[in-house]
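Engineer: 3D, please:
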Amino acid sequence: MTKLFDLDSLSTSESIPIPMHIFKGHWHPSLSESPPMVPTDSFLKRPHILLPDDYDADKLGSWTHGDYLIKEAKVYELLKQHPHPNICIYYGCVHDVDHITAICLKPYGWLMNAIWERNPVTITFDSCILIGEEVGLSGKVGTFGWTIESMPTITLPENDIYDLKQISKFMKGKHW
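Structural biologist: Model (predicted):
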């Protein structure tokens, strides 16, 4: 039986504020602003609020959800200059004065670097890295068993081609 959680039982003296920089990226005027009235056909992609127990935002090289939000917005800015019918429409970023709070999209499309059996179609570009660049500390390179190496260090087209072949095998019941 599920036990209900009583929010009133939390002590404010024991509360630890969550640093907003973990969940919000720093706004930059080079990014497009979403329309003031968000289109009705849009999806507001917001960062995840859940963190792993061992997450340490102060650890050197740690990427925050806000960092990934900025990274993804920059990819959409580039794609906006080269639209394609199979990639979702990017309306821009929702932001308060200093921080991006969401990315406004018309959701549909095939994307890369996060393709696996539970996520064959996705609406995220936060794991995209230019061809030939080091993966670096961001570490978003797919799922173990669905990548060429357990942890690719360089972004290559072969990585995504391999992932797509794995999806094809899985869909045909031939994976593993």
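
Engineer: only C-alpha atoms for contact and neighbour calcs from this point on.
Structural biologist: OK.

Engineer: I'd like to know how many residues surround the nearest residue to residue 49 once chain neighbours are set aside.
Structural biologist: Computed as CA to CA, 6 or more residues apart in numbering, the closest residue to residue 49 that is not its neighbour in sequence is residue 23, at 6.8 Å. Burial of residue 23, expressed as a neighbour count using other CA atoms under 10 Å, amounts to 23.

Engineer: same thing with the one 5 residues further on?
Structural biologist: Taking other CA under 10 Å as the neighbour definition, residue 28 ends up with a count of 12.

Engineer: for it, phi and psi?
Structural biologist: Comment: the main-chain dihedrals of residue 28 come out as phi -130, psi 130, following degrees, to the nearest 10.

Engineer: equivalent analysis for residue 91, please.
Structural biologist: Per-residue torsions, residue 91: phi -90, psi -20 (degrees, to the nearest 10).

Engineer: quick one, what contacts it?
Structural biologist: The contact partners of residue 91, by CA atoms under 8 Å, 6 or more residues apart in numbering, come to 32, 33, 34, 35, 103, 104, 105, 106.

Engineer: between these, which sits nearest residue 49?
Structural biologist: Set against residue 49, the nearest of the contacts of residue 91 by CA to CA is residue 103 (15.2 Å).

Engineer: just checking, the closest one touches residue 47?
Structural biologist: No: taking CA atoms under 8 Å as the definition, residue 103 is not a contact partner of residue 47, at 9.3 Å.

Engineer: who has more neighbours out of those two?
Structural biologist: The residue with more neighbours, out of residue 103 and residue 47 and counting by other CA under 10 Å, is residue 103; that gives 25 against 20.

Engineer: re the thing from before, buried among the contacts of residue 91? Need that as a selection in ChimeraX.
Structural biologist: Burial among the contacts of residue 91 is assessed by 16 or more other CA atoms under 10 Å; the matching ChimeraX selection reads:
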select :32,33,34,103,104,105,106
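
Engineer: what's the closest of the contacts of residue 91 to residue 86?
Structural biologist: Each of these was checked against residue 86 using CA to CA; the closest is residue 106, at 11.4 Å.
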